[in-house]
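[1] okay, predicted coordinates and the sequence, questions at the end:
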Amino acid sequence: MKKKKKFLSSGYLILVLLFIYLPIAYVVLFSFNDSKSMTKFTGFSLRWYENMFNDRTMLQSIYYTVLVAVISTVVSTIVGTVTAIGLSKAKKVIRSAVLEVNNLPVMNPDIVTAIGLMLLFVSAKVQLSLVTLILAHISFSIPYVILSIMPKLRQLDDNVAEAALDLGATPVQALTKVIIPQIYPAILSGALIAFSMSFDDFVISFFTAGVGINNISMYVYSMKRFNPSVNALSTLIVVVVTVILVLVNIISSRMSKERKKEENV
Amino acid sequence: MKKWLAISLAMVLLLAQCVSPAAAEEFENKVLNVYNWGEYIDKQVITNFENEYKVRVNYSLFSSNEEMYTKLQSNASYDVIIPSDYMIERLIREKKLQPLDREIVTDLDNLTDSVKNLEYDPDNTWSVPYLWQNVGIVYDTTKIDPEKIEEAGWDIFQDPEYAGHTYMYDSERDAFMVAFKALGYSANTENPDEIQAAYEWLRNMDKAVRPSYVTDEVIDSMANGEKWLALVYSGDAAYILSENEDMGFCAPKQGTNIAVDAMVIPANASNPKLANYFINYILGYESSAMISEEVGYASPNAEVLAELSGPGGSYEGNDAYVPRSGNDKDEFFHDNETLRKQLSELWIKVKLHE
């Protein structure tokens, strides 16, 4: 009986995993296809990878995507963290008001945010460019960072920071040596969300990017006819993302081990 | 004879050297902003243009005319855009374009007659065709007799024999074009009775053949021979036919839609002069041949058309490559937003089997 249950639950797990990973495996498989077809595998070749690396527009789109994602992640994480810490010390009325406002862009459909940003830039006579694209990405990423950090801050004991001040730490030291190390995992997860939001955004980017600036989503979306170089590109992204995730996991588990050791000593 | 050839070659080279540095100097390091459909060019053409004129081409992409139009509204400044016929009609009406410089764009004579002086731009003041095509039926010649298709034309989409074996392109204007033409009306008709009749025609089609409503996935599916019958743009059909020998193409005699994507220069372009040079460069034999060969849509350049469809060309014996000309019933779509919305509502009803 117990065995049967185990079989059922692991079978369910396998089904769920298949459901999630089969499409990705399919994309990866067809990036090695010899022909242009997306449904018939005719043989192994690397021609689509070659094609991708020879396609300047495609490489440029990768460059812009990474550039925008990195800058907007760094800025929005810093701004979001500072805001969240400030809010946690603010009056309750202000805090809840700001958090409500913060939720709006998260709930808002992307297309509304996108058109809003575009109209804002246009009416302020700001020429759409790489800068407006990055600004837009920063603006839609910040709420996610705040949302991911706030719950962690609520769990903090206010007395710890005060104790640090009592023991002679300057406010900056209290922030960097006491508060931030405690909420570090939340900051990291906020940054990861911001990064992935920026990385795969299409709608907002489309309306706020300047002339000649395409990110990966815009490039793929605009294709009049599909071409397996996109599979090659996706495969590359999957590999990069996997490596980053594995690295992040290794680093954070090492850090927590070290911390435990220190505590034991 | 040989000497004469050598001398003339040397002269040409000399001349080329005299001409191109002047042009190159004038534009050196300038940036040309080109806005085109995705996957709609041979990238080498751009590199060649950059090398010849010592400029940089900033290449952006869109996936629909409406999307491109929205982007233009934000005052973005592009130098060359490549929208479709009905969108050019709208851009001309709204005074968003500037006329081409005929001193620079001189290769208009190469245009094949079918795409010269079209109704949306009667004397090519504002636009020059980039690629063009029409709409027709791709069918499996092992399952359907070509004569039967020629005979039935669009009405083949109402033949219950092909139930479950049919793809219909999921776009209101294309689907209604089929119905209008099958009934002998204009594809741009605003007559409510004719629209109602076309709606009934499409409902009958939905009942009779139970088509799968698809968009671009039809290309791959027909190349793999998954169904017998499909409504396809001739440019895509040319690709299907070159992948799968069993497939045939037919543009029904009842008339069809001709679609042209053409190059225009927006009124707010920052480098209009270079844009004119670019347009002329694309029109030239070499560029146009490279683009048409890569994309599979018909070139507007008469010579290229003949070469690619002729003996030894990439599209030799491909019925879909050269769109038919000389049928009075073939039409362009006109820019008509109210009609489009009206058809869109009816089209949804057709697809819901209402």
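    Done, it's in. What you see is a predicted model, and the numbers here were worked out from it, not measured in a lab. Numbers count the residues shown, from 1 in each chain, chains lettered A, B, ... in the order given.
[2] the host helix or strand of residue B:133 and chain A in contact?
    Residue B:133 is part of strand B:127-140, with elements assigned from DSSP states H and E. No - with Cβ under 8 Å from any Cβ of the partner chain as the threshold, strand B:127-140 lies outside contact range of chain A, at a closest distance of 10.3 Å. Yep, even glycine has a C-beta here, placed from its N, CA and C like the rest.
[3] packing partners for that strand?
    The contact analysis (3 or more Cβ pairs under 8 Å, 6 or more residues apart in numbering or on different chains; DSSP states H and E) places strand B:127-140 against helix B:146-152, helix B:172-182, strand B:229-233, helix B:234-243, strand B:247-250, strand B:258-266, helix B:272-283, helix B:285-295.
[4] redo those as a markdown table? Include mean pLDDT, mean neighbour count and distance to residue B:321.
    What follows is these, written out as a markdown table (pLDDT from 0 to 100; neighbours: other Cβ atoms under 10 Å in any protein chain shown; distance: least, Cβ to Cβ, whole Å):
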| stretch | mean pLDDT | mean neighbour count | distance to residue B:321 |
| --- | --- | --- | --- |
| helix B:146-152 | 94 | 14 | 17 |
| helix B:172-182 | 95 | 24 | 20 |
| strand B:229-233 | 95 | 26 | 12 |
| helix B:234-243 | 92 | 25 | 4 |
| strand B:247-250 | 95 | 22 | 9 |
| strand B:258-266 | 96 | 24 | 15 |
| helix B:272-283 | 95 | 22 | 19 |
| helix B:285-295 | 93 | 20 | 9 |
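[5] so which of these gets nearest residue B:353?
    Closest of these to residue B:353 is helix B:172-182, at 14.4 Å (criterion: Cβ to Cβ).
[6] indicate whether the closest one makes contact with chain A.
    No - judged by Cβ under 8 Å from any Cβ, helix B:172-182 stays clear of chain A, getting no closer than 15.2 Å.
[7] that helix relative to strand B:258-266, how many degrees between them?
    Orientation note: helix B:172-182 sits at an angle of 140 degrees relative to strand B:258-266 (axes from the mean of the first three to the mean of the last three Cα atoms, to 10 degrees).
[8] distance from helix B:172-182 to the middle of the chain?
    Going by Cα atoms, centre = their mean, to the nearest Å, the spacing between the C-alpha centre of helix B:172-182 and its chain's C-alpha centre is 18 Å.
[9] send the alpha carbons of whichever helix or strand comes after it over as PDB?
    Proceeding C-terminally, helix B:172-182 gives way to helix B:192-209 as the next helix or strand, assigned by DSSP H and E. What follows is helix B:192-209, C-alpha atoms only, in PDB (Å, rounded to 0.1, in the frame of the first residue of the first chain):
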ATOM      1  CA  PRO B 192     -23.800  45.500 -46.100                       C
ATOM      2  CA  ASP B 193     -25.600  42.900 -48.200                       C
ATOM      3  CA  GLU B 194     -22.300  41.700 -49.800                       C
ATOM      4  CA  ILE B 195     -20.600  41.500 -46.400                       C
ATOM      5  CA  GLN B 196     -23.600  39.500 -45.100                       C
ATOM      6  CA  ALA B 197     -23.400  37.200 -48.100                       C
ATOM      7  CA  ALA B 198     -19.600  36.700 -47.500                       C
ATOM      8  CA  TYR B 199     -20.300  36.000 -43.800                       C
ATOM      9  CA  GLU B 200     -22.800  33.300 -44.800                       C
ATOM     10  CA  TRP B 201     -20.200  31.900 -47.300                       C
ATOM     11  CA  LEU B 202     -17.600  31.600 -44.600                       C
ATOM     12  CA  ARG B 203     -20.100  30.000 -42.200                       C
ATOM     13  CA  ASN B 204     -20.800  27.400 -44.800                       C
ATOM     14  CA  MET B 205     -17.100  26.900 -45.300                       C
ATOM     15  CA  ASP B 206     -16.600  26.400 -41.600                       C
ATOM     16  CA  LYS B 207     -19.400  23.700 -41.600                       C
ATOM     17  CA  ALA B 208     -18.300  22.000 -44.800                       C
ATOM     18  CA  VAL B 209     -14.500  21.600 -44.300                       C
END
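[10] okay, buried residues for helix B:192-209 please.
    For helix B:192-209, the buried set under the neighbour-count rule, 16 or more other Cβ atoms under 10 Å in any protein chain shown, comprises B:194, B:195, B:197, B:198, B:199, B:201, B:202, B:203, B:205, B:206, B:208, B:209.
[11] kindly report the same for stretch A:113-120.
    For stretch A:113-120, the neighbour count (16+ other Cβ under 10 Å) marks A:113, A:114, A:115, A:116, A:117, A:118 as buried.
[12] gap between it and the chain center?
    In this view, stretch A:113-120 has its centroid 21 Å away from the chain centroid, taken as Cα atoms, centre = their mean.
[13] that older thread, so which of the buried residues of stretch A:113-120 are also by chain B?
    residue A:118.
[14] mind listing what residue B:171 touches?
    Applying Cβ atoms under 8 Å, 6 or more residues apart in numbering or on different chains, we find residue B:171 in contact with residue B:215.
[15] recalculate using a threshold of 7 Å.
    For residue B:171, no contacting residues are found, by Cβ atoms under 7 Å, 6 or more residues apart in numbering or on different chains.
[16] from residue B:344, how far off is it?
    Summarising the geometry, the distance separating residue B:171 from residue B:344, computed by Cβ to Cβ, to the nearest Å, is 9 Å.
[17] go on, residue B:204?
    20 Å.
[18] what do you get for residue A:42?
    Computed as Cβ to Cβ, the residue A:42 to residue B:344 distance reads 39 Å.
[19] so between these two, which is more surrounded?
    Neighbours were counted for residue A:42 and for residue B:344 using other Cβ atoms under 10 Å in any protein chain shown; residue B:344 has more, 13 against 10.
[20] so when I look at the more buried one, I'm seeing a helix, right?
    Yes - note on residue B:344: a helix contains this position according to DSSP: H, G, I helix; E, B strand; the rest coil.
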